[in-house]
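# Quick one, what's the 3D model for this:
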Amino acid sequence: MNQDDVFPTPFPWCGRAGCGIIHNMWEKVRDFALRALPYVASIVGGVLLFTISLDNVRDPNVADLITNISASLLAIPLVFLLYDYTNSRVSRRLQETMAVNVDDKINTLILHVVLVLRKMLGLRGQITLANINKMQTLSETLIIKKLRMDAKCMDLLHAYYGELENIIYRYGREDVLSNDDLRLLTELGRHISHVVNEHHLRGNRRILARHVKNTIEKVIDWLDSGAAIAMKFEKLLAEAELVGPDAGTQKDASVE
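Numbers count the residues shown, from 1 in each chain. Reported below is the predicted structural model:
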């Protein structure tokens, strides 16, 4: 595949390195011109119509009619521009609010998954970001020895998988989540579903241990995906007061 197939721009003279940048600039200019064309045409039409009517129309009634039409042609684009500006501001604010809300929802869901994983592995003690990161060091052999799974844990994981799928569908469609976020959360959901399915279908502990370890890694990847995510998660841990000696297990009731 040659460069022209990848970036079909009207600039055949551009080099390979700069072709993508020029292509993006050309796309933005073209889109702006297409959006602005109706407004410019209406304004120019209004000005021309008013200018022509000044010296060529003798009937006062006709002159007033043309003046009103000209004023409308000038006013309509301004009204639409004001509407577009207001709508873009409101949409941006809504987008920011939704982004904050979805981060909180995902962090809460991640915390619930962590609680279930800790219960399955028999882990106790204070739940902190450092202790969650230490879960990544568990080997598959150690996970096999520690793993204790029951119907309640599987029901919870299945429910959380459904919630995660709903979040991905809703906020992915509304462009609140980035492509990297969607990829990471999709992989997390896939590993959670593997844990549940393997438990119900075959129950192979070695395969279960691998899926549990993969789930832990994706949880940590999400927490490491940004400083803001980590700070919000730490705040969530503080609000949940998961600080008792048996915090990893005794707070499981709050998950429900």
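
# which stretches of the stretch 1-150 of the chain form helices?
3-6, 16-56, 60-121, 129-134, 140-146 (DSSP state H, counting those that start in this stretch).

# Specify the angle between the longest one and helix 16-56 in degrees.
When axes from the mean of the first three to the mean of the last three Cα atoms, to 10 degrees is applied, the directions of helix 60-121 and helix 16-56 differ by 150 degrees.

# tell me the mean pLDDT for helix 60-121?
Mean pLDDT, computed over helix 60-121, is 81.

# Run the chain-centre distance for that helix.
16 Å (Cα atoms, centre = their mean, to the nearest Å).

# start the count at 5, not 1, going forward
Shifting the count to begin at 5 puts that one at helix 64-125.

# Counting by contacts, list what that helix packs against.
helix 20-60, helix 155-177, helix 209-227, helix 231-244, helix 251-254, helix 256-259 (3 or more Cβ pairs under 8 Å, 6 or more residues apart in numbering; DSSP states H and E). All C-beta spots, glycine's among them, are computed from the backbone N, C-alpha and C.

# So for residue 111, which of those helices sits nearest?
Set against residue 111 and scored by Cβ to Cβ, these come closest in helix 231-244, at 4.9 Å.

# could you dump that closest one to PDB, C-alpha only?
Presented in PDB, the C-alpha positions along helix 231-244 are these (Å, rounded to 0.1, in the frame of the first residue of the first chain):
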ATOM      1  CA  ALA A 231      -2.800   9.900  38.100                       C
ATOM      2  CA  ALA A 232      -6.400  11.200  38.400                       C
ATOM      3  CA  ILE A 233      -7.800   7.700  38.400                       C
ATOM      4  CA  ALA A 234      -5.400   6.600  41.200                       C
ATOM      5  CA  MET A 235      -6.300   9.700  43.300                       C
ATOM      6  CA  LYS A 236     -10.000   9.100  42.900                       C
ATOM      7  CA  PHE A 237      -9.600   5.400  43.800                       C
ATOM      8  CA  GLU A 238      -7.600   6.400  46.900                       C
ATOM      9  CA  LYS A 239     -10.400   8.800  47.900                       C
ATOM     10  CA  LEU A 240     -12.900   6.000  47.300                       C
ATOM     11  CA  LEU A 241     -10.900   3.700  49.600                       C
ATOM     12  CA  ALA A 242     -10.800   6.300  52.300                       C
ATOM     13  CA  GLU A 243     -14.600   6.900  52.100                       C
ATOM     14  CA  ALA A 244     -15.200   3.100  52.200                       C
END
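
# And the chain, what are its domain boundaries?
21-95, 97-259 (automatic domain parsing).

# returning to that earlier point: please convert the helices and strands packed on helix 64-125 to a markdown table, extending it with mean neighbour count and mean pLDDT.
Converted to a markdown table, the helices and strands packed on helix 64-125 look like this (neighbours: other Cβ atoms under 10 Å; pLDDT from 0 to 100):
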| stretch | mean neighbour count | mean pLDDT |
| --- | --- | --- |
| helix 20-60 | 12 | 75 |
| helix 155-177 | 16 | 89 |
| helix 209-227 | 19 | 92 |
| helix 231-244 | 14 | 80 |
| helix 251-254 | 18 | 42 |
| helix 256-259 | 13 | 36 |
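
# got the ones you listed as JSON lines, with distance to residue 97 columns?
Formatted as JSON lines, those follow (distance: least, Cβ to Cβ, whole Å):
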{"stretch": "helix 20-60", "distance to residue 97": "22"}
{"stretch": "helix 155-177", "distance to residue 97": "16"}
{"stretch": "helix 209-227", "distance to residue 97": "26"}
{"stretch": "helix 231-244", "distance to residue 97": "18"}
{"stretch": "helix 251-254", "distance to residue 97": "37"}
{"stretch": "helix 256-259", "distance to residue 97": "32"}
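
# Would you tell me which of those gets closest to residue 136?
So among the helices and strands packed on helix 64-125, helix 209-227 is nearest, using Cβ to Cβ, at 6.7 Å.

# Just list what the closest one packs against, helices and strands only.
helix 64-125, helix 133-138, helix 144-150, helix 183-205, helix 231-244.

# Deepest-packed of those helices, please.
helix 183-205 (a mean of 17; mean count of other Cβ atoms under 10 Å).

# No more questions from me, cheers.
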